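S.K.: kindly generate the corresponding structure for this input.
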Amino acid sequence: MVSTVIVPLLVLGIIVVLHELGHFVVAKLFKIRVETFSVGFGPRLLGFRYGETDYRLSAFPLGGYVRMAGENPTDTVTGAPDEFLSKPKWQRFLVAAAGPAMNIILAVALLTGLFMYGTEVPAFTEGTAVVGAVEKGSPAETAGIQPNDRIASIDGKQQPNWDEVEARILTSAEHKVEIVLNRSGKTIETSITPSRQGPSETGYSGMRPHFQETNVIERVLPGSPAEAVGLHPGDAITAVNGVEITSQSGREIRNSIRAISPELEPFALTFLRAGERKTVDVSRMERDGERIVGLEFVTPTIVIREGFSGALNRSVDKNVEYGAMVFQVLRKLVTREVSMKSVDGPIGIVRAAGQSYEAGAGPLIMLIAMISLNLGLMNLLPIPILDGGVMLLLVLEGIRGEDLSLRWKERIFQFSFVFLLMLMAFVIYSDVMKLIPSQG
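M.R.: This is a model prediction of the structure:
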């Protein structure tokens, strides 16, 4: 209940309230009459009136709005000095811009605070991306990519980290991506064409990052031989078939398990649990052409903890990186290089919020920041019913030297409203279809 309902509503509520608070504060600053401040859309559930404003909670919590006097083309405009349209264009522009600005500020502030407090991230995400493994028959193998290759550039991005590599792979399903490798000091130019994978139809390459796993079990695969013999997360493997694991490395454990002859099965796995040394006999199962016992090991993490200046710089870099990816996805959606199924709607956001809450405070704060940034950037799109559209119309009217007619404004807003409703309906439909198990 907490992770599936309460946390997602709180996450969306915080982001929406701060967005609308941006509009509200700047409108009040310019003495514009605000009639309604609503969290959610639809019928009013509860609230209170203070001064000239009705503060309310509405029935549908996925969004919110601030209604200002004389704001919409269909409103009755009296010309009163406290109406939105009575104010100079530059003031109206700033009111429209304040909502997205608050979302962007929130994203930067949250990550700055997170990096100052300290957060754990996988060690392999820092620094230049290095390939650790390539699956047989995968697009990466077809492209000639090999383990230990350093990715010097991908899709024009120089010295990418692994997050940047993944972002470009995920958004390039069935489209060629240029990639430059550094292999033992030699430069190799190639290209990779990620295949489509999963309900979201995102790109898949088949290459995994290079990292040194520990000998501590992080996950036991369901239905695996390891689960059958009672191995648990937290157990530390110390010997395979009687041979001690001297490096305490998950890679050495995998190699040792892989090297065992079939006639020696079942073989002994020795491990430490709460300081007690134990041994079990285990066999292997077949998966992707490899015989495994079904163990995943803990990967090393590093703690990022910076002073204010360093944390702010890292936060800005992270937000710029994510913002660039958002616009890249938008461009590829328009050119149909990316499937609309890759876009998450309200249901996807609710699921992500619940998963992040269960993973800990750090991932949840990161998710809130990314959603807030996404909302801010989306509202800057030049669609008239959005803040960016309002800003664009104000700029165009300023260039023309006169306002558009009421008739034209009504038509533009009506068309935009229908377009957004259709888009939202499609996104929600896509969300629902992702929840339905594939029959193929």
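
S.K.: doesn't residue 182 fall inside a strand?
M.R.: Yes - the assignment for residue 182 by DSSP: H, G, I helix; E, B strand; the rest coil puts it in a strand.

S.K.: find me the pLDDT at it, would you?
M.R.: At residue 182, the model reports a pLDDT of 96.

S.K.: quick one, what contacts it?
M.R.: Residue 182 makes contact with 149-152, 188 under the criterion C-beta atoms under 8 Å, 6 or more residues apart in numbering. Yep, even glycine has a C-beta here, placed from its N, CA and C like the rest.

S.K.: show me these that map onto strands.
M.R.: 150-152, 188 (DSSP state E).

S.K.: ok, of the contacts of residue 182, which one's closest to residue 360?
M.R.: If you rank the contacts of residue 182 by distance to residue 360 using C-beta to C-beta, residue 151 comes first, at 29.0 Å.

S.K.: quick one: pLDDT of the nearest residue to the closest one once chain neighbours are set aside?
M.R.: Once flanking residues are discounted, residue 151 sits nearest to residue 129: 4.3 Å by C-beta to C-beta, 6 or more residues apart in numbering. pLDDT recorded at residue 129 is 91.

S.K.: and for residue 19?
M.R.: At residue 19, pLDDT is 93.

S.K.: quickly find the element holding it.
M.R.: For residue 19, the host element (DSSP states H and E) is helix 7-29.

S.K.: gap between stretch 203-210 and the chain center?
M.R.: 18 Å (C-alpha atoms, centre = their mean, to the nearest Å).

S.K.: give me the mean pLDDT for that stretch.
M.R.: Stretch 203-210 comes out at a mean pLDDT of 88.

S.K.: what's it in contact with?
M.R.: By C-beta under 8 Å, 6+ apart, the list of residues contacting stretch 203-210 reads 124-125, 129-135, 137-141, 145, 147-148, 162, 169-174, 192, 194-198.

S.K.: only whichever of those are buried, select them in PyMOL.
M.R.: Applying 16 or more other C-beta atoms under 10 Å to those, the buried members can be selected in PyMOL as follows:
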select buried, resi 124+125+129+130+131+132+133+134+135+138+139+140+141+145+162+169+170+171+172+173+192+194
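
S.K.: just the ones of the contacts of stretch 203-210 in helices?
M.R.: When the contacts of stretch 203-210 are checked against helices (DSSP state H), the matches are 139-141, 162, 169-170.

S.K.: of all the residues you listed, which comes closest to residue 102?
M.R.: residue 170 (28.5 Å).

S.K.: that closest one touches residue 198, doesn't it?
M.R.: No - the pair residue 170 and residue 198 fails to qualify as a contact (C-beta atoms under 8 Å) at a distance of 10.2 Å.
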